[in-house]
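1. Output the structure for:
(chains A, B, C and D)
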There are 2 protein chains.
Amino acid sequence: MSDKPISLKVLAAHLDLTVPTVSRALNNYADISPATRERVKRAADELGYRANQNARRLSLGTSETIGYLMPRFRSSIAQPFVAQLLQGLGEALSKRNWDLLVTHAESSKDEMAQIERIVRSGRVGGLVISRPLKNDPRIRLMQDLKCPFVVHGRTGASEGYAWYDVDGEDAFITAVNHLVGLAHSRIAFIGAPLQYQFAQDRLNGYQIAINANGLDVDPDLTQIADFSDDGGEIAMNMLLDLPQPPTAVVCVSDTMAFGAMAAIRSRGLRPGVEVSVIGYDGLKFGIHSNPPLTTMAQPQAHAGRRLGDMLLAIIDGDDPAKHQELQRAQLLRRKTDGPFNAAAQTTVSFREEYT
Amino acid sequence: MSDKPISLKVLAAHLDLTVPTVSRALNNYADISPATRERVKRAADELGYRANQNARRLSLGTSETIGYLMPRFRSSIAQPFVAQLLQGLGEALSKRNWDLLVTHAESSKDEMAQIERIVRSGRVGGLVISRPLKNDPRIRLMQDLKCPFVVHGRTGASEGYAWYDVDGEDAFITAVNHLVGLAHSRIAFIGAPLQYQFAQDRLNGYQIAINANGLDVDPDLTQIADFSDDGGEIAMNMLLDLPQPPTAVVCVSDTMAFGAMAAIRSRGLRPGVEVSVIGYDGLKFGIHSNPPLTTMAQPQAHAGRRLGDMLLAIIDGDDPAKHQELQRAQLLRRKTDGPFNAAAQTTVSFREEYT
DNA sequence: AGAAAATCCGAAAGCGGTTTCGGAAAGTTC
DNA sequence: GAACTTTCCGAAACCGCTTTCGGATTTTCT
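-> Numbers count the residues shown, from 1 in each chain, chains lettered A, B, ... in the order given. Here you go, the predicted model:
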């Protein structure tokens, strides 16, 4: 191993050729004789030559890099997916030797400035945006900048750009129907702030299924809280304080469901017995919760890979509108979905008097 | 917002100045009059000028980028920290507008090639390496390449390079002492493959504390398994199958502890009653396990930030050996550490006969 | 007022690659 | 053996920005 990275110039001098000739030899140009091409290549990896990427990309006029904006988060429990997503993106990019640039921002305003900077300065040739808001300014910005991008999730108006999403509406219809099948009729919803489109989608699914089954549409049964386990706990406590508490609850995420279960247990009730709980995400960890959490599992494994492939295709000129992929979540039954029974309800009433 | 990013050239033409003059004006050179400097800057952000980074860095001869090698992993539950670490790194870098490049590799061999490529091609000015092996070839490689780096964790011989680590030996001494204080005497260890230095450190701490307290050094009480919840479960089952099973166990990670608890529960025993369990990591999620997991919590929040600051300092010329930071983990008592009692042991024996 | 010192900007070269173009040497055709 | 192709490489220009250097213009000093 050497000290300074060796440049094309020294490689050329070493071979007694000119710089452009060596460059073309390494890039398999047809106007270089096979003999010298081989000679050049051999020398190149004997000396451990690596083209300087800043120079190369400047010349090529491309960054060969895509950017990933890390979702902002407070709760440290909230981001189990980024590692997996980054790995998938990396796999997609590595086929072409593209790089992955990861940035984060403190505030939404910072984030806008960040985006504007990294695309205008030519640092990235495309961006993946995650967890979009209902009406996300980042998408407008990217369109104005004419920079390719894909979205992990969707906004309210999802036409005209590329995205990969899991159908939250469908998932919550499935979840509610499942609970109805277990004879529940007072089914609550614990949600996240509706500025996030995914929160709205899942609420929509909940409402659709409630109506379709002809159940109560009691607005008190819909609780919106902070997107964290603490938020879930607070929301569940609100629900349990209702004159007529629900016998089942669907939660917008597993993390919130864990909080909800804590609230349930703290009142001497048993998740899956007195109160059924269904989460969303399919976190592996749910196996270890108390009791193991029934959840709508999303096929998370390939998201990164798919998003990377889509973005690359768009950068190559594909129409973004052609790349929209909607996956379905599947009910993963563990131990928190139980049948409605009147005896359990007695327990609830008893608890209320007792408190 | 415009179409093509505007270059220094068009900005200069717009101002009726030459390119170098505009460049120096923007970079606050003293030989540019304050008047024109202001004029230039105003025009620059009116037109939304952003220096092309490839060009800038080529000229400057620096990449202004550091790389992060994602740890390879199979189990999707195993990486709760990367998001937090990346965020911390990002914060450290953003003060100087450096970029963060994230790469991953399939195999160790690929990883070595990756490293060699990204540093020789001038893509990164430094690297952060995580979860090192006892004798990690990546460190030798980085030293040979004369490229600045910091390690998240330590290797066996930890002199001469920069690292940030949490003292696993100390943590396991604390954990074992705590259990001894609860009158346990048969204390087991569930570990990960010893090729990882952190696994060795934690085992060392366990052994030191066992000896210091004059307890059994039964080799059967040390179980090494896959670094996952399943691994923890398998290991715990081995321990419970022993003629004389342990009454307490320390686990090398929370994730493995969750698996261990599953094994304990599956035999009708109660973690924290018949068998005490102490994990390591301090995952927030442990609040929701069954029962809530007592653990050695590591101060994870600032790791990324510190690693970033250290690496930047080294790139600036600091001696790497000066930057070695050892943090301590703290016992976080939840519900799985209980006192030894003979009655519980009776239960265990009973269970054995019963099976 | 003339010389010396400051002030301010343009010219030129360079960072390390890539691509276009032209021409010498070699090979082909009659 | 002359004319025509083909093969193969060097010369030159460029990507967009930075830095050194020199010189014209203005200011300051006596």
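
2. Who are the contact partners of A:G304?
-> A:84-92 (CB atoms under 8 Å, 6 or more residues apart in numbering or on different chains). Glycine gets a C-beta too; all of them are placed from N, C-alpha and C.

3. give me that answer again for 7 Å
-> Going by CB atoms under 7 Å, 6 or more residues apart in numbering or on different chains, A:G304 touches A:84-89.

4. can you pick the most crowded of these?
-> A:L89 (27 neighbours; other CB atoms under 10 Å in any protein chain shown).

5. who touches that residue in this structure?
-> A:68, A:100, A:128, A:304, A:307-308.

6. could you dump these to TSV with pLDDT and secondary structure?
-> Output for the contacts of A:L89, formatted as TSV (pLDDT from 0 to 100; DSSP: H, G, I helix; E, B strand; the rest coil):
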residue	pLDDT	secondary structure
A:Y68	97	strand
A:L100	98	strand
A:V128	96	strand
A:G304	95	helix
A:L307	97	helix
A:G308	97	helix
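
7. Go through the contacts of A:G304 and name the one nearest DNA strand D.
-> Proximity of the contacts of A:G304 to DNA strand D was ranked by CB to the nearest atom of the strand; the top entry is A:L89 with 26.8 Å.

8. Does the closest one lie in a helix or a strand, and which?
-> helix A:82-94 (DSSP states H and E).

9. residues from the stretch 1-150 of chain A in reach of DNA strand C?
-> Applying CB under 7 Å from any atom of the strand, one finds that the stretch 1-150 of chain A approaches DNA strand C through A:5, A:7-9, A:19-20, A:23-24, A:26-27, A:31, A:49, A:51-52, A:55-56, A:58-60.

10. among the residues you listed, which are in reach of DNA strand D?
-> Checking these against DNA strand D (CB under 7 Å from any atom of the strand), the matches are A:19-20, A:31, A:55, A:58-59.

11. Could you list the low-pLDDT ranges of the stretch 251-355 of chain A?
-> Residue ranges of the stretch 251-355 of chain A with pLDDT under 70: A:342-355.

12. Flag every residue of it that's near chain B.
-> Proximity of the stretch 251-355 of chain A to chain B (CB under 7 Å from any CB of the partner chain) is limited to residues A:258, A:262, A:284-285, A:288-291.

13. Among the residues of the stretch 1-150 of chain A next to DNA strand C, name the buried ones.
-> A:5, A:7-8, A:23-24, A:26, A:49, A:51-52, A:55-56, A:58 (16 or more other CB atoms under 10 Å in any protein chain shown).

14. any idea which element the residue in the stretch 51-200 of chain A that DNA strand D sits nearest to lies in?
-> Closest to DNA strand D within the stretch 51-200 of chain A is A:S59: 3.6 Å, counting by CB to the nearest atom of the strand. Using DSSP H and E, A:S59 sits within helix A:53-60.

15. what's that helix packed up against?
-> Judged by 3 or more CB pairs under 7 Å, 6 or more residues apart in numbering or on different chains; DSSP states H and E, helix A:53-60 is in contact with helix B:53-60.

16. How far off centre is the helix it packs on?
-> Taking CA atoms, centre = their mean, to the nearest Å, one finds helix B:53-60 lying 32 Å from the centre of the chain it belongs to.

17. again, but for stretch A:124-131
-> For stretch A:124-131, the distance to the chain centre is 12 Å (CA atoms, centre = their mean).

18. next one: stretch A:203-223
-> 26 Å.

19. doesn't A:A92 make contact with A:G308?
-> Yes. With contact defined as CB atoms under 7 Å, A:G308 counts as touching A:A92 (2.5 Å).

20. okay, the two: which has more neighbours?
-> With neighbours defined as other CB under 10 Å, A:G308 and A:A92 compare such that A:G308 has more, 27 against 21.

21. what sits against that one?
-> A:88-89, A:92-93.
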